[in-house]
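1. I would like to see how this sequence folds:
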Amino acid sequence: MRLLRDLRESTAFLILLAVTQERHTRLKTLADELGMTVQGMSDYVRRMTDAGLLQVVDGEHRATRKGVEVLQGRFLELKGFVAQAGRAIAVIEATPAFAGGPIRGGDRVGLFMEAGRLVAHADRPSPSTGTAVHDAGKDEEVSIRDLDGIVALRPGRITIARVPAARDGGSHALHAASGKRLSRRTKGALIAAVELTGIAAARKLGLRPDVEFGVLPATVEAAEHGVDVVLIVPEDRAAEVVQAIETANARLEDKIPYESLTLR
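-> You can find the predicted model right below:
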């Protein structure tokens, strides 16, 4: 947004705002209000007067009609920018969480991501804290207000288990012993499978898919919440999976780690 990037634009905006809010007969008072030197203010006022934005009426510096129109236009731009930025930042003032143990209303709690879920623990230090609104027992929902800080979160790892595509035999071309390569990675992980071939391959490997529909967005979202995911995918869909992860990583500060294994 030019108003925020360009010092001259933002200073001119502040000068127009100042002269429409209060009477200014001296450059010094106007300069003091904006934290500028008198010489600097004089230069701005001269340029803005030449541009038809300012005028002197009865000894007062005032905005012209054009100046007021410019001021209103900048306000609308700024309002739209703030609204859009606010939606993008998504500031949260209150949130539900699961109670990690007994909590009493008014307790100051630490917030943690555990298995992809927000969990509140009473009196446990955390980069993110809040105040419990009401009593809650362990594993019950509790409302948290007065939030402060950001929840510490390490993205989960995605293991892309590539299996033969249907045209290459699908699950029939897969050796059951291939599951040994996944055993360490499946412990505590979410199991997802793409297409019927992926589901059949998971079953042959002795795995039961947790996610069979909306697989790619579900996989990425789970990883963003700190959950490890083993994604079983036919070879001809593997590039699509990598692209979905890279697209997510382009907007994430903490990137989702992933690895690819070819199973036969």
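2. Please enumerate the helices of the stretch 1-150 of the chain.
-> Taking DSSP state H, counting those that start in this stretch to define them, one finds helices in the stretch 1-150 of the chain at 2-5, 7-21, 27-34, 38-50, 65-89.
3. can you list these in CSV and add mean neighbour count and distance to Gly170?
-> No exception for glycine: its C-beta is placed from N, CA and C like everyone else's. Below are those laid out as CSV (neighbours: other CB atoms under 10 Å; distance: least, CB to CB, whole Å):
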stretch, mean neighbour count, distance to Gly170
helix 2-5, 11, 55
helix 7-21, 16, 61
helix 27-34, 16, 71
helix 38-50, 16, 72
helix 65-89, 13, 42
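4. Now render those as a markdown table, adding mean pLDDT and distance to Glu235.
-> Below are the helices of the stretch 1-150 of the chain laid out as a markdown table (pLDDT from 0 to 100; distance: least, CB to CB, whole Å):
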| stretch | mean pLDDT | distance to Glu235 |
| --- | --- | --- |
| helix 2-5 | 76 | 47 |
| helix 7-21 | 92 | 54 |
| helix 27-34 | 92 | 64 |
| helix 38-50 | 94 | 65 |
| helix 65-89 | 83 | 37 |
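5. Pipe the ones you listed into a markdown table and attach distance to Ala97 per row.
-> Converted to a markdown table, the helices of the stretch 1-150 of the chain look like this (distance: least, CB to CB, whole Å):
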| stretch | distance to Ala97 |
| --- | --- |
| helix 2-5 | 35 |
| helix 7-21 | 40 |
| helix 27-34 | 45 |
| helix 38-50 | 51 |
| helix 65-89 | 20 |
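6. Would you tell me which of those helices gets closest to Gly110?
-> helix 65-89 (22.5 Å; CB to CB).
7. Can you give the distance from stretch 218-230 to the centre of its chain?
-> 15 Å (CA atoms, centre = their mean, to the nearest Å).
8. For it, buried residues please.
-> Across stretch 218-230, burial judged by 16 or more other CB atoms under 10 Å covers 218-220, 222-230.
9. List the contacts of the closest residue in space to Gly110 that isn't next to it in sequence.
-> Using CB to CB, 6 or more residues apart in numbering and skipping the chain neighbours, the partner closest in space to Gly110 is Ser126 (3.0 Å). Counting by CB atoms under 8 Å, 6 or more residues apart in numbering, Ser126 makes contact with 110-112, 149, 151-152.
10. likewise Ile160?
-> Here Ile160 is in contact with 231, 233, 238, 241-242, 258-261 (CB under 8 Å, 6+ apart).
11. and if we set it to 6 Å?
-> 231, 241, 260 (CB atoms under 6 Å, 6 or more residues apart in numbering).
12. what do you get for Tyr258?
-> Taking CB under 6 Å, 6+ apart, one finds 158, 245 in contact with Tyr258.
13. now do Gly170
-> 164, 197.
14. Same question for the one 3 residues further on.
-> For Ala173, the residues meeting the contact criterion (CB under 6 Å, 6+ apart) are Pro164.
15. Give me the contact list for stretch 5-22.
-> 2-3, 33-34, 48, 61-63, 67, 71, 74.
16. now, which of these sits nearest Lys204?
-> For these, the nearest to Lys204 is Arg2 (59.2 Å; CB to CB).
17. Excluding chain neighbours, what is closest to the closest one?
-> Glu9 (5.6 Å).
18. measure that neighbour to Ser42 for me?
-> Counting by CB to CB, to the nearest Å, the gap between Glu9 and Ser42 amounts to 19 Å.
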